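Undergrad: Here's my sequence, what's the structure:
(2 chains)
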Amino acid sequence: MSDQESAYSAAGEVAQKRVRRSAFERAWIALKKAPFSAWFGLIVIICYAIVAIFAPLLSPYGEAQVFAKADAPWAMFGGLPEHVFGTDQIGRDILSRLIYGARNTIGIAILTTLLSFAIGGSLGLVAAINRSWLDQLLSRAVDVLMSIPSLIFALMLLSIFGSSISSLIIIIAVLDSTRVFRLTRSVAANVVVMDYVEAARLRGEGLGWVMRREILPNIMPPLVAEFGLRFSFVFLTIASLSFLGLGIQPPTADWGSMVRDGSRFIQFVAYDWTLALPSLLPAGAVALLTVAVNFMVDWFLHMTSGLRDEH
Amino acid sequence: MSTDRADDTSRGEKGDILLEMKDVKIDGFSDEMWHPIIKGVDLTLRRGEVLGLIGESGAGKSTLGLAAMGFARPGCKIHSGSIMFNGIDLMAATEDEKRELWGSRIAYVAQSAAASFNPAHRLIDQTVEATVGHGVNDAEDARSDAVELYESLQLPNPDMIGARYPHQVSGGQLQRVMTAMAMSPRPDLIIFDEPTTALDVTTQVEVLLSMREIVDRFHTAAIYITHDLAVVAQMADKIKVLRYGVEVEEAETDAMLEQPKEEYTRSLWSVRALEKPEVDSDDIILSVNNIHAAYGGSVKVLDDVSIKIPRGRTVAVVGESGSGKSTTARVLTGLLEPMSGSIEFNGEVLPAALRDRSKDQLRRIQMIYQMADTAMNPRHTVGEIIGRPLQFYHDLSASARHKRIVELLEMIELDESFIDRLPSELSGGQKQRVCIARALAADPEVIICDEVTSALDQIVQEGILKLLLRLQKELNITYLFITHDIAVVKAISDEIVVMFQGQVVEQGLKSEILAPPYPDYTKLLLSSVPEMDSGWLDEFVANRDAS
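TA: Below is the predicted model of the structure:
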């Protein structure tokens, strides 16, 4: 006891000690402890991002450039050496389409997810704070939207409004925002009842401040995790719509329509297995990204849930 | 507690050493490093003995209490030392061996009974679960024994109460059921971790009484962890004071109360010595006139409440939980619109609803909450928390704001280094101080303090109360102080309002209320406050039985 002062001082009270670290240092510490699956997910996502951003530099040919030889197989299976993954039914280079497809499919999926979070998140927050007829109205409207199978609903709306990229983004975003609304509303409802939100209301703060500064920072972890999962689903929805012919329209390259184009050959796979490659390649790209995003989300959720069970 | 009514002596004689901990060191993991929490503490407990473990929060009381079971919380590890329980070396025991002891030979009573019960199971099933699970007793015997325990713990309808679910009984009853649960396998050792801290005084007395009675009857050894010396004085044979993970002193209860060796021990009950001289005043700043209020239009909580609050003084509102104290505060702040009645502020009628009040009206009445933890946004720094009212009400520029934040931090006896800390990096007392600074930042005339000290240790309470008194003197602030702690009332108030079941029982100067004759309820409230005297509980029982 002798080395510690026994007089009381407010500043000297024992509190949790914490070293100040920059966001980068914190991220590095977390990554050092990350499991293999998280590293795998992170590396795959970074690779996809690089491919998507630098698509024009990386791809050997243009997105819709047509060559003389159509349906060429892979270079290593007797195709032309200048087309590594061969060409499609009208003679476009598959590797280039794959690279541009990353840009189009991922770009549209990110835009759609962002939009659906903007819609669903803000309405969910308003509903959680307001808690009156507005909450009822929004929640029931969301119930109605969710009661219709979303792929079929999206197909119907796309046939009505036409398959332009903007209508594709808006329709999927609105349909997907229902899930975001529900999540945001339920996690925000737990924060709305906290004393600090009451303190802000007593101070006379407006709705915008309470939403953005008091509640939003406290519900970020589940929302970020949901963002990853939603992105996967949107991505799959776009790919499936394209496969059905109502998504991204040619000549814009995208993985869903590439799978569809390649699927013509599937029935002949019994005779020549390389015929499966034109559709398996984009399908594999979709699958890999989905798995990678889910690995990252799992790890992030584990980190933010604060579980410290293992010693 | 010396009656020798041994029901079962096969487990060893009273007075034998049951638990011996030597030079125990425990580390906690945070911020990527191991920090020492307990830095070498010895503890010896004999059969039938009750040891009080006291100290401020962060002293390591609970960690040490759990270590007595050989248990370390996730993120903690028992680093070195020896823990011998009844001849078993808990440091060497495997998880399975320890699990065999827990819930049969050693039991634990947690602070929050409400959070510790499973809401989906009936009370009696949970009471006997460990006993039956460990094979100490068969289900039928354990159940009938549980009913007997309920009876000796003075629970109402001991036959029936076990069939209820946790939400169907009160907090005090739940804490007693938890004691029955701990007692059910007739353990050798019970660890009570602040079991009455969350209860109000009148309930606390009852729970203390039944706990002491039952520990005494089965002469179980117990470790009683608390920060309230007056409570521990009623329970413990000897007391150990902890601070910063080391022992300050250990002594027999009476000896410790009469003659503490260390200055620090004395400071643990200093708040009880604080007393503000009352000042009368007729200059009313805020008056509540005939308020009737209800939640959801049906459950009536305030019935014709009228309170007058003089400028620059402190009015304490006392009463047990459910008496309408906090509801009165909600009506004052505009969060709850009253069904009838009015509030006058500086002679003007204040709009009933929050949204109808002007920014200036809002600024003049500020509020400080009981739980500083939840009253501050965990994602905002101290600078942001204090700076927001400055920006919102006074529209200060960034540099002026910084200057004022530093001034306010100094006013609450903290320094500039706190400005970019997050609430999680503050201690309980520091958090409450930041909340006070946030209220001060608005330049208020009235501050409503809702149980602001009840979650804090005595020593920290004293600091906060002194700070509030000093601020009142310097800034002529008026306080409406809601509390159930009479020691706090004595320390801070000029006037007292006693509330009971939504009505004002009494209102007047402190000297009038705290002097006889009392109305019945005031009397019960005053007599239920534990005093720093090991014989107080016995006296309380004697007086109660006599009347």
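
Undergrad: Enumerate the residues of the stretch 101-250 of chain B near chain A.
TA: Residues of the stretch 101-250 of chain B lying near chain A by Cβ under 8 Å from any Cβ of the partner chain: B:243, B:244, B:246, B:248. In this view, the C-beta of every residue, glycine as well, is placed from N, C-alpha and C.

Undergrad: show me what contacts the last one?
TA: In other words, residue B:248. Residues in contact with residue B:248 (Cβ atoms under 8 Å, 6 or more residues apart in numbering or on different chains) are A:1, B:55, B:241, B:242, B:262, B:264, B:265.

Undergrad: which one of the residues of the stretch 101-250 of chain B next to chain A has the most neighbours?
TA: Note: the member of these with the most neighbours is residue B:243, at 24 neighbours, neighbours being other Cβ atoms under 10 Å in any protein chain shown.

Undergrad: Phi, psi for it please.
TA: For residue B:243, the backbone dihedrals (degrees, to the nearest 10) come out as phi -150, psi 140.

Undergrad: So it versus residue B:44, what's the distance?
TA: Counting by Cβ to Cβ, to the nearest Å, the gap between residue B:243 and residue B:44 amounts to 19 Å.

Undergrad: Centre-most residue in the chain?
TA: Using chain A here. Per Cα atoms, centre = their mean, the C-alpha nearest to the average position across chain A is that of residue A:231, at 2.0 Å.

Undergrad: that's the other chain; I wanted chain B
TA: To find the centre residue of chain B, average its C-alpha atoms and take the closest one (Cα atoms, centre = their mean): that gives residue B:197, at 3.5 Å.

Undergrad: In contact with that one, which residues?
TA: Contacts for residue B:197 (Cβ under 8 Å, 6+ apart) come out as B:111, B:226, B:227, B:228.

Undergrad: since we're on the closest residue to the first one other than its chain neighbours, how many residues are nearby?
TA: Spelled out, it's residue B:111. Across the structure, with Cβ to Cβ, 6 or more residues apart in numbering or on different chains as the measure, the residue nearest residue B:111 apart from its sequence neighbours is residue B:194 (4.2 Å). When counting by other Cβ under 10 Å, one arrives at 20 neighbours for residue B:194.

Undergrad: and if you look at residue B:43?
TA: Neighbour count for residue B:43, taken as other Cβ under 10 Å: 21.

Undergrad: element containing the residue of the stretch 51-200 of chain B found nearest chain A, please.
TA: Among the residues of the stretch 51-200 of chain B, residue B:58 lies nearest to chain A; the distance is 3.8 Å by Cβ to the nearest Cβ. For residue B:58, there is no helix or strand it lies in under DSSP states H and E.

Undergrad: Do stretch A:133-146 and chain B come into contact?
TA: No: with Cβ under 8 Å from any Cβ as the threshold, stretch A:133-146 lies outside contact range of chain B, at a closest distance of 15.2 Å.

Undergrad: Show me how far that stretch is from its chain's centre.
TA: On the basis of Cα atoms, centre = their mean, to the nearest Å, the separation between the geometric centre of stretch A:133-146 and that of its chain is 25 Å.

Undergrad: any residues touching it, and which ones?
TA: In this structure, residues lying in contact with stretch A:133-146 by Cβ under 8 Å, 6+ apart are A:123, A:126, A:127, A:128, A:153, A:174, A:175, A:178, A:179, A:181, A:182, A:185.

Undergrad: Among these, which lie within strands?
TA: Secondary structure assignment (DSSP state E) places none of the contacts of stretch A:133-146 within strands.

Undergrad: Next, count neighbours for the residue of the stretch 51-200 of chain B closest to chain A.
TA: A count of nearby residues for residue B:58, using other Cβ under 10 Å, gives 19.

Undergrad: before we move on, what about residue B:56?
TA: Residues near residue B:56, counting by other Cβ under 10 Å: 25.

Undergrad: check contacts around the closest residue to residue B:323 other than its chain neighbours.
TA: In space, and not counting its chain neighbours, residue B:323 is closest to residue B:499: 4.4 Å by Cβ to Cβ, 6+ apart. Listed by Cβ under 8 Å, 6+ apart, the contact partners of residue B:499 are B:305, B:317, B:318, B:319, B:323, B:324, B:325, B:328, B:505.

Undergrad: make it 6 Å
TA: By Cβ atoms under 6 Å, 6 or more residues apart in numbering or on different chains, residue B:499 lies in contact with B:319, B:323, B:324, B:325.

Undergrad: List buried residues within these.
TA: For the contacts of residue B:499, a neighbour count by 16 or more other Cβ atoms under 10 Å in any protein chain shown gives the buried set as B:319, B:323, B:324, B:325.

Undergrad: Pull the most distant pair out of those.
TA: Spatial extent of the buried ones among the contacts of residue B:499 (Cβ to Cβ) is set by the pair B:319 and B:324 at 7.1 Å.

Undergrad: In chain B, where is pLDDT below threshold?
TA: In the predicted model, chain B carries pLDDT under 70 at residues B:1-14, B:31, B:198, B:269-273, B:297, B:547.

Undergrad: on that earlier part again, OK, contacts around the residue nearest to the centre of chain A?
TA: With the criterion set at Cβ under 6 Å, 6+ apart, residue A:231 makes contact with A:109, A:113.

Undergrad: doesn't it fall inside a helix?
TA: Yes: residue assignment for residue A:231, taken from DSSP: H, G, I helix; E, B strand; the rest coil, places it within a helix.

Undergrad: and the gap between it and chain B?
TA: When Cβ to the nearest Cβ, to the nearest Å is the yardstick, residue A:231 and chain B sit 24 Å from each other.

Undergrad: Also residue A:270?
TA: 56 Å.

Undergrad: same thing with residue A:281?
TA: Computed with Cβ to the nearest Cβ, the distance linking residue A:281 and chain B is 43 Å.

Undergrad: what do you get for residue A:132?
TA: From residue A:132 across to chain B, the span is 13 Å (Cβ to the nearest Cβ).

Undergrad: Just the pLDDT at that residue, thanks.
TA: In the prediction, the pLDDT value recorded for residue A:132 is 83.

Undergrad: For it, give me phi and psi.
TA: Taking degrees, to the nearest 10, you get phi -120, psi -140 for the backbone angles of residue A:132.

Undergrad: How about residue A:131, nearest residue that isn't a chain neighbour?
TA: Leaving aside its sequence neighbours, residue A:131 sits nearest to residue A:192 (Cβ to Cβ, 6+ apart; 7.7 Å).

Undergrad: how many neighbours does that neighbour have?
TA: Close neighbours of residue A:192, defined as other Cβ under 10 Å, add up to 19.

Undergrad: Tell me the confidence at it?
TA: Per-residue pLDDT puts residue A:192 at 90.

Undergrad: where in chain A is pLDDT low?
TA: When the per-residue scores of chain A are filtered using pLDDT under 70, the ranges that remain are A:1-20, A:75, A:305-311.

Undergrad: For the residue lying closest to residue A:222 once chain neighbours are set aside, which three-state class applies?
TA: For residue A:222, the nearest residue in space outside its immediate sequence neighbours is residue A:187; the separation is 5.3 Å by Cβ to Cβ, 6+ apart. Put simply, residue A:187 is helix when judged by three-state DSSP.

Undergrad: do the same with residue A:141
TA: Taken by three-state DSSP, the conformation at residue A:141 corresponds to helix.

Undergrad: From chain B, how far off is it?
TA: Note on residue A:141: its distance to chain B, by Cβ to the nearest Cβ, is 26 Å.

Undergrad: do residue A:257 as well
TA: The separation that residue A:257 has from chain B, given Cβ to the nearest Cβ, amounts to 44 Å.

Undergrad: Spatially, what comes nearest to that residue if we skip its sequence neighbours?
TA: Spatially, and ignoring its direct neighbours in sequence, residue A:257 is nearest to residue A:242 (4.4 Å; Cβ to Cβ, 6+ apart).
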